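In: build me a structure from this.
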Amino acid sequence: MDATPNLPRPPRVPVFNMPAVVTASVGLLVAIQALRVLIPDEWDITLLVDLALVPARWTLAIDPGRAEDVLRAAAAWPGSALEVEARKAFASYLIAENQASPWTFVTYGLLHGSWAHVLLNSLWLAAFGTPVARRCGAWRYGVVALVSTLAGGALHVLIDPLSTLPLVGASAGVSGLMAAATRFVFQPAADPVLHANRLPWQRPSPARLQSIPELLRNRAAALFLGIWFVTNLLFGLLAVPLGMSDASIAWDAHLGGFAAGFFLLPLLEPRRP
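Out: Presented below is the predicted three-dimensional model:
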């Protein structure tokens with residue numbers, strides 16, 4: 001006779017404790033990087049040329065008369081003679097192409113320069129995309145990520161219009177989600193004892209967003225924002241490559257995405273009783 005009590009089956013614990021839309025986003029970025037590793041180099045170069053955001057492409061589409069400026073800028077970048085010739089050849093290709101490729105304002109966020117680059121972005125996406133998706137739902141999460149990606153690309157083109165270096169990476173969209181999460185994740189926990197060992201983005205979502213003055217008075221939020229801005233400023237001034245990508249990883253795209261997410265979230269905030 002079996003004396004084991006007939007206890008209810010314990011609930012199944014998900015492998016990834018993230019909303020489905022965040023898990024799908026991370027999976028998509030990783031799958032695209034894996035595909036780029038597997039396909040022939042010629043296909044990968046074509047993919048990069050067609051989907052990465054190249055500021056000079058937009059400058060030439062709007063004002064073809066700046067072709068000489070683009071060629072001079074391509075030749076002025078430091079590097080070996082072979083690298084300079086390659087950049088000049090690519091600049092000549094862009095001049096002959098004379099096509100804006102508007103989809104690249106979004107598709108550049110799907111490509112990455114290396115596995116380190118995509119894994120780092122995926123880590124931040126999981127950390128800060130999760131609270132935004134839980135608070136606002138899948139479609140608002142998607143809108144924040146998309147608009148932040150667009151804003152980051154637009155600011156990069158405005159600041160460096162003659163660049164022929166392809167811009168890649170989900171950093172602008174991730175920065176927007178990070179900024180959106182900053183509006184609420186650093187508020188004190190409703191139950192400090194229960195959530196003492198949880199990181200800010202792992203706690204239940206507060207009832208309302210913090211205003212800008214409240215964020216500045218919130219020591220944790222102000223410290224986080226300060227570190228984020230100083231770090232990106234150093235990347236811009238020192239051009240620190242971190243060995244993560246052969247393409248451009250732009251601080252200005254991060255800044256544009258961050259600003260978009262920070263100011264967009266209050267407009268998308270769902271109505272609450």
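In: for residue 184, what is the enclosing helix or strand?
Out: Applying DSSP states H and E as the criterion places residue 184 outside every helix and strand.
In: so it sits right up against residue 136, yeah?
Out: No - taking contacts as CB atoms under 8 Å, residue 184 lies outside contact range of residue 136: 10.1 Å. Every residue, glycine included, has its C-beta placed from N, CA and C.
In: spell out, range by range, the helices that occur in this protein.
Out: With DSSP state H applied, the chain shows helices at 20-38, 41-51, 55-62, 67-76, 81-97, 104-107, 115-136, 138-159, 171-182, 212-217, 219-238, 251-268, listed in chain order.
In: output the ones you listed as CSV; include the columns mean neighbour count, mean pLDDT and distance to residue 165.
Out: Compiled in CSV, the helices of the chain are given as follows (neighbours: other CB atoms under 10 Å; pLDDT from 0 to 100; distance: least, CB to CB, whole Å):
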stretch, mean neighbour count, mean pLDDT, distance to residue 165
helix 20-38, 16, 96, 18
helix 41-51, 13, 92, 11
helix 55-62, 22, 92, 8
helix 67-76, 16, 90, 9
helix 81-97, 14, 87, 8
helix 104-107, 19, 95, 13
helix 115-136, 20, 93, 15
helix 138-159, 22, 96, 10
helix 171-182, 29, 95, 15
helix 212-217, 12, 89, 34
helix 219-238, 13, 82, 14
helix 251-268, 22, 93, 12
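In: run through the residues that contact residue 133.
Out: For residue 133, the contacting residues are 18, 19, 21, 22, 141, by CB atoms under 8 Å, 6 or more residues apart in numbering.
In: separation between it and residue 127?
Out: Note on residue 133: its distance to residue 127, by CB to CB, to the nearest Å, is 12 Å.
In: what do you get for residue 226?
Out: In this structure, residue 226 and residue 127 are separated by 18 Å, where distance is defined by CB to CB.
In: do residue 34 as well
Out: 22 Å.
In: the residue nearest the centre of the chain: what's it in contact with?
Out: Geometric centre of the chain, nearest residue: residue 171, 2.3 Å, by CA atoms, centre = their mean. Contact analysis of residue 171 by CB under 8 Å, 6+ apart lists 121, 152, 249, 253, 254, 257.
In: and residue 225, by the same measure?
Out: 182, 215.
In: then residue 214?
Out: When the contact criterion is CB under 8 Å, 6+ apart, residue 214 has no partners at all.
In: if I look at it, how far off is residue 228?
Out: Taking CB to CB, one finds residue 214 at 18 Å from residue 228.
In: got it, and residue 57?
Out: The separation that residue 57 has from residue 228, given CB to CB, amounts to 29 Å.
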